[in-house]
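Peer 1: here is a sequence together with a model predicted from it:
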Amino acid sequence: MIYTVTFNPCLDYIVRVPFFEPGAVNRSEFEDVFPGGKGINVSIVLKNLGVDNVALGFTAGFTGREIERAVGEAGCKTDFIRVENGMSRINVKLKAQVESEINGRGPRLGGEDLRKLYEKLDVLGKGDFLVLAGSIPDTLPGDVYESILRRLQGRGIRFVVDATKDLLKNVLKYHPFLIKPNHHELGELFGVAVTDGDEIAGYAGKLQELGARNVLVSMAGDGALLKTEDGSVYKSPAPKGKVINSVGAGDSMVAGFLAGYLQTGNLQTAFRMGVAAGSASAFSERLATKEEVHRLLAAM
């Protein structure tokens, strides 16, 4: 089974106005609300691709109840932890002449909340996948990802981590099955700017030296690169299409990769599925459907 963890899930409120004028009344021409958070995005796209999974995380207030309802309606199994105080975030995505975002804070999590999560993770065992994706609230210890992998190491669980900076770097010693930085995040880890594919492959190799098994690097409009644990390097240009909404594209790439790997056991096939899924989400108002992913996959 695949388990995803989203520490600070949200409702994404998408608003589109022809022209945003600060200080004035602006009326939308389009709006939508859907559950968000990196792990939740992974769960929904996995389910869209026919892969069962369990979405874990923390929810609070009326927004938290709506997140749970919407994720369940998408077909995902959920096992969220209810937090008594505060409310889950609403993130406003304003699309006008430029795109702007206002991201909520979310509930304040504490040690007891983390203990409840550990109890749920303790049931994982050999053959399971655990996806840790996104940032963590500032009320929790900064080494929480590292603590989770340390607690669960040696059980045959395959870890997937999509995070930035030290949150990612500090888990590499536990040999995660897959990590997915984008090329900017890859450069930040080493204090450099990387744009060339050979450079990206080289720095992906450095992450493998630190412990990562497979490194998947998204490169926005330039496609993606995968460096596998056997040293193979696969590159793919981005499929052709109009980018409508880039939110969730990287998470969709992770989901597509895992779906492809579970279905075939082949890393190259998983990579192609990941690229197709990431692009399909970018070309849509919502997260990729199975039909959209396979349509792009057939054209690659």
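Peer 2: Arrived safely, thanks for sending.
Peer 1: CA only for contacts and neighbour counts going forward, please
Peer 2: Noted.
Peer 1: which ones are touching the residue lying closest to E188 once chain neighbours are set aside?
Peer 2: In space, E188 comes closest to K165 once its chain neighbours are excluded; the distance is 7.0 Å by C-alpha to C-alpha, 6 or more residues apart in numbering. Counting by C-alpha atoms under 8 Å, 6 or more residues apart in numbering, K165 touches 185, 188-189.
Peer 1: surely L109 touches P137?
Peer 2: Yes: using C-alpha atoms under 8 Å, L109 makes contact with P137 at a distance of 7.3 Å.
Peer 1: what about these two, which has more around it?
Peer 2: L109 (20 against 15; other C-alpha atoms under 10 Å).
Peer 1: checking my notes, the more buried one in a strand, right?
Peer 2: No: counting by DSSP: H, G, I helix; E, B strand; the rest coil, L109 is not part of a strand but coil.
Peer 1: can you pull the contacts of it?
Peer 2: Per C-alpha under 8 Å, 6+ apart, neighbours of L109: 83, 137, 139-140.
Peer 1: same question for E68.
Peer 2: Here E68 is in contact with 59, 78, 80 (C-alpha under 8 Å, 6+ apart).
Peer 1: and the one helix or strand L117 maps to, what's buried?
Peer 2: Using DSSP states H and E, L117 maps to helix 111-121. Within helix 111-121, the residues scored as buried using 16 or more other C-alpha atoms under 10 Å are 113-114, 117, 121.
Peer 1: quick check, nearest of the residues you listed to V51?
Peer 2: Nearest to V51 among those, counting by C-alpha to C-alpha, is L121 at 19.5 Å.
Peer 1: quick one, grab the pLDDT at that closest one.
Peer 2: At L121, the model reports a pLDDT of 97.
Peer 1: please apply the same query to Y203.
Peer 2: On the pLDDT scale, Y203 gets 94.
Peer 1: can you start the count at 51 instead of 1 from here on
Peer 2: With 51 as the first residue, the last one maps to Y253.
Peer 1: so it touches E238, yeah?
Peer 2: No: contact criterion C-alpha under 8 Å: Y253 and E238 do not qualify, at 10.8 Å.
Peer 1: tell me, how many residues neighbour Y53?
Peer 2: Neighbouring residues of Y53 were enumerated by other C-alpha under 10 Å; the total is 24.
Peer 1: more neighbours: Y253 and E238, which one.
Peer 2: When neighbours are counted by other C-alpha under 10 Å, Y253 and E238 differ, and Y253 comes out ahead with 21 against 15.
Peer 1: assign R132 to helix, strand or coil.
Peer 2: When classified by three-state DSSP, R132 comes out as strand.
Peer 1: related to what we said a few turns ago, just checking, what packs against the helix holding L167?
Peer 2: When contacts are defined as 3 or more C-alpha pairs under 8 Å, 6 or more residues apart in numbering; DSSP states H and E, helix 161-171 packs onto strand 131-133.
Peer 1: now T128, nearest residue through space, not along the chain?
Peer 2: Using C-alpha to C-alpha, 6+ apart, the closest residue to T128 is A105 (4.7 Å).
Peer 1: show me what contacts the one you found?
Peer 2: Residues near A105 by C-alpha under 8 Å, 6+ apart: 53-56, 89-90, 93, 126-130.
Peer 1: what strands line up against the host helix or strand of it, and which way round?
Peer 2: For A105, the host element (DSSP H and E) is strand 103-110. Next to strand 103-110 in the sheet, as set by DSSP bridges, lie strand 52-56 (parallel), strand 127-128 (parallel), strand 131-133 (parallel).
Peer 1: columns distance to G298 and mean pLDDT on top of those, output as a markdown table?
Peer 2: Converted to a markdown table, the strands paired with strand 103-110 look like this (distance: least, C-alpha to C-alpha, whole Å; pLDDT from 0 to 100):
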| stretch | distance to G298 | mean pLDDT |
| --- | --- | --- |
| strand 52-56 | 13 | 97 |
| strand 127-128 | 19 | 96 |
| strand 131-133 | 23 | 96 |
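Peer 1: can you tell me which of the contacts of L159 is nearest R139?
Peer 2: P187 (11.4 Å).
Peer 1: got the contact list for stretch 307-322?
Peer 2: The contact list for stretch 307-322 (C-alpha under 8 Å, 6+ apart) reads 96, 99, 101, 276, 278, 284, 286, 306, 323-325, 347.
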